[in-house]
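1. Here you go, sequence then predicted model.
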Amino acid sequence: MEQLIAGAVVFGRDETVLDRVHPFNVLLPREWVDHFPCKQDATTLSWEDWRQFAKDEGGRRSGVVLRESAKSVFDYRYAESGAGQKVSPDERRLTSLGRLLLGLLKNDHSAPQIWNMRGNELVFPFPRSRWFRGLAISSLTTQLLEACLGARPAETRTIARQPALFGWEDGRPANDVNFEPLPIYSPSDLLNGIRSAQRVLEGNQIAVTRNQPRQLIPFRIADFSAGDDNADGVDEGVNDGQ
């Protein structure tokens with residue numbers, strides 16, 4: 001995720017490439033397959049070993065890229081949040097990045113099965129509550145997902161971008177967001193949030209018996225409610241499916 005976003009936003013690059021974010025459109029470097037450490041010695045790869053392996057050091061390894069436009073897939077189910085209305089390109093990019101991050105954490109990029117019928121993605125909400133509860137992730141990661149996929153954070157961003165529509169003074173922050181997720185307004189903000197979450201996780205790695213690596217997951221009790229604003233939906237978006 002970090003490499004993908006950084007490739008679009010660092011040094012003033014074009015963020016519109018993120019319009020192509022979709023699991024099928026994300027291409028991994030050939031080196032990650034050919035030189036993967038576990039292929040060579042059949043050992044279990046720790047998180048730290050993988051982080052160092054995937055890190056692009058001095059350009060010696062190519063990074064994650066998106067498939068070119070002519071060969072890319074656009075999936076109407078992927079960039080929608082079930083909010084009942086069309087969203088701006090900026091919101092669609094954050095939603096797509098949030099869905100990609102969620103899919104990586106779940107090891108499953110499926111959309112709700114009911115969304116297979118066109119138009120249902122605008123009626124039936126995305127089942128965040130159920131899917132979030134099934135993940136062993138930190139509070140910072142939970143907040144990043146909620147910021148990208150939650151309805152209230154999206155509304156807060158709309159207020160910031162178009163305050164006149166809400167009778168709000170331009171430049172004045174909303175006054176009811178003290179307990180909302182991290183303020184994510186752009187892919188650059190999301191990139192900074194991901195890097196912050198990584199630093200926290202790095203600081204909570206420990207070694208146990210026989211020096212086996214273990215990851216402590218810092219989590220706030222208040223974040224147990226993440227995603228509950230749609231918990232009473234129709235079977236939470238019903239079943240998953242391709």
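-> It's in. Numbering: from 1, shown residues only.
2. For the rest of this, base every contact and every neighbour count on C-alpha atoms.
-> Fine.
3. can you tell me how far Glu2 sits from Leu122?
-> 29 Å (Cα to Cα, to the nearest Å).
4. In terms of secondary structure, what does the helix or strand encompassing Arg199 contact?
-> Using DSSP states H and E, Arg199 falls within helix 187-202. Applying 3 or more Cα pairs under 8 Å, 6 or more residues apart in numbering; DSSP states H and E, one finds that helix 187-202 contacts helix 2-9, helix 139-149.
5. Restricting to C-alpha, output the shortest one in PDB.
-> The C-alpha atoms that make up helix 2-9 are tabulated as PDB, following Å, rounded to 0.1, in the frame of the first residue of the first chain:
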ATOM      1  CA  GLU A   2       2.700   2.400   0.900                       C
ATOM      2  CA  GLN A   3       4.600   1.900  -2.300                       C
ATOM      3  CA  LEU A   4       1.500   2.200  -4.400                       C
ATOM      4  CA  ILE A   5       0.300   5.400  -2.900                       C
ATOM      5  CA  ALA A   6       3.800   7.000  -2.700                       C
ATOM      6  CA  GLY A   7       4.200   6.300  -6.400                       C
ATOM      7  CA  ALA A   8       1.200   8.500  -7.100                       C
ATOM      8  CA  VAL A   9       1.600  11.300  -4.700                       C
END
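6. neighbouring contacts of that helix?
-> Helix 2-9 is contacted from outside by 13-18, 63-66, 187-188, 191, 194-195, using Cα atoms under 8 Å, 6 or more residues apart in numbering.
7. ok, and for the lengthiest helix in the chain, which residues are buried?
-> Longest helix of the chain, by residue count under DSSP state H: helix 89-106. Buried positions in helix 89-106, judged by neighbour count with 16 or more other Cα atoms under 10 Å: 90-103, 105.
8. now the helices for this structure?
-> Along the chain, the segments classed as helices by DSSP H run 2-9, 30-34, 37-41, 47-54, 89-106, 128-133, 139-149, 151-161, 187-202.
9. Go through those and pick out the most buried.
-> helix 139-149 (a mean of 25; mean count of other Cα atoms under 10 Å).
10. Summarise which helices and strands it is packed against.
-> Using 3+ Cα pairs under 8 Å, 6+ apart: helix 139-149 touches helix 89-106, helix 151-161, helix 187-202.
11. correct me, but Leu135 touches Asp108?
-> No - Leu135 is beyond contact range of Asp108, at 11.8 Å (criterion: Cα atoms under 8 Å).
12. now for the contacts of helix 2-9, which pair is the farthest apart?
-> Farthest-apart pair in those is Thr16 and Arg195; separation 21.6 Å (Cα to Cα).
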